[in-house]
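> The amino acid sequence is not available; the structure is as follows:
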């Protein structure tokens with residue numbers, strides 16, 4: 001009878017281990033409780049600038065060099081947001097790709113300048129077609145980038 005009890009206990013412990021929460025924690029403990037949708041943040045970034053937020057999404061990409069950022073999918077198709085951490089402070093593993101992540105951090109934005117792209121291929125095309133329109137590679141385009149400074153994450 002003791003053998004059966006021992007076998008039963010062993011089986012329960014083994015199955016509990018198989019169904020255990022496989023979540024790994026990175027950085028600081030998450031303290032926020034109310035999640036904000038990524039689509040809401042991107043639709044109204046001015047409402048979240050400089051604020052601590054909690055987001056959830058599927059990890060689309062991970063920094064291959066240092067694990068210093070992850071890209072989270074939005075709840076809307078073709079939208080995502082990057083979670084950036086200080087190099088070495090948190091190291092996100094490549095195995096995080098495809099997994100669900102809950103991240104707490106501070107939302108911020110910055111602007112970058114980029115060369116304006118030619119509308120249709122190489123610059124010579126416009127002149128060949130006899131169009132007066134010239135390529136505007138000399139013009140700079142300003143783009144706003146939205147990111148989250150990651151403080152803590154669970155993947």
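Cool, the structure landed. Quantities reported herein were computed from a predicted structural model and do not represent experimental measurements.
> which ones are touching residue 72?
38, 55-60, 80-83, 101, 103 (C-beta atoms under 8 Å, 6 or more residues apart in numbering). Where C-beta positions appear, they are placed from N, C-alpha and C, glycine not excepted.
> Give the next helix or strand downstream of the worst-scoring helix or strand of the chain on mean pLDDT.
Scoring the helices and strands of the chain by mean pLDDT, DSSP states H and E places helix 124-128 at the bottom, with a mean of 49. Using DSSP states H and E, the helix or strand that follows helix 124-128 towards the C-terminus is strand 140-154.
> residues of that next one that come out buried?
Judged by neighbour count (16 or more other C-beta atoms under 10 Å), strand 140-154 contains these buried residues: 146, 147, 148, 150, 151, 152, 153, 154.
> Correct me if wrong: the second one contacts residue 82.
Yes - under the criterion of C-beta atoms under 8 Å, residue 147 lies in contact with residue 82, with a separation of 4.9 Å.
> Where do the strands of the chain begin and end?
Secondary structure of the chain by DSSP state E: the strands cover 25-27, 52-62, 69-73, 80-84, 100-115, 140-154.
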